[in-house]
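Student: Curious how this folds, go ahead:
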Amino acid sequence: SPINHMEGLILNFRRSRHRTYGNQMIISVDGSDNREKAAKLVGKSVSWIATGKEKKEIKGKISSAHGNSGVLRVLFERGMPGQSIGTKVNLS
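Tutor: Residues are numbered from 1 along each chain as shown. Predicted coordinates for the structure are as follows:
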């Protein structure tokens, strides 16, 4: 695959004990295994294509690193469905 095309995996919603942020997701990206590598990806665009008949696309942007093991926070333009957890996203 070309260098500029990367894939990530949606791990979960960004959440706290009492609150879930419907339009913010935590994603992991191959090759990003520490905070420094994750910080280089901040600002990149992310797109998630829905599984199902209507191939809806929800776009987002990487907002920051999440923790020290290379995981990222993504701010999507609208709420994400629960079905998106465990599916792939494209980075550009």
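Student: alpha carbons only for contacts and neighbour counts from here, please
Tutor: Will do.
Student: Assign the spatially most central residue of the chain to helix, strand or coil.
Tutor: Nearest to the mean C-alpha position of the chain, counting by CA atoms, centre = their mean, stands Ile27 at 4.0 Å. Following DSSP: H, G, I helix; E, B strand; the rest coil, we place Ile27 in the strand state.
Student: Point out where this protein drops to low pLDDT.
Tutor: Applying pLDDT under 70 to the chain flags residues 1-4.
Student: switch the cut-off to 50
Tutor: 1-2 (pLDDT under 50).
Student: all strands for it, in order.
Tutor: 6-15, 20-29, 45-49, 57-66, 71-76, 88-91 (DSSP state E).
Student: Run a quick neighbour tally on Glu54.
Tutor: A count of neighbours around Glu54, defined by other CA atoms under 10 Å, yields 8.
Student: how far away is it from Glu36?
Tutor: 37 Å (CA to CA, to the nearest Å).
Student: what's around the residue lying closest to Met25 once chain neighbours are set aside, how many residues?
Tutor: Nearest residue to Met25, sequence neighbours excluded (CA to CA, 6 or more residues apart in numbering): Phe13, at 4.3 Å. Here the count is done by other CA under 10 Å, and Phe13 has 22 residues near it.
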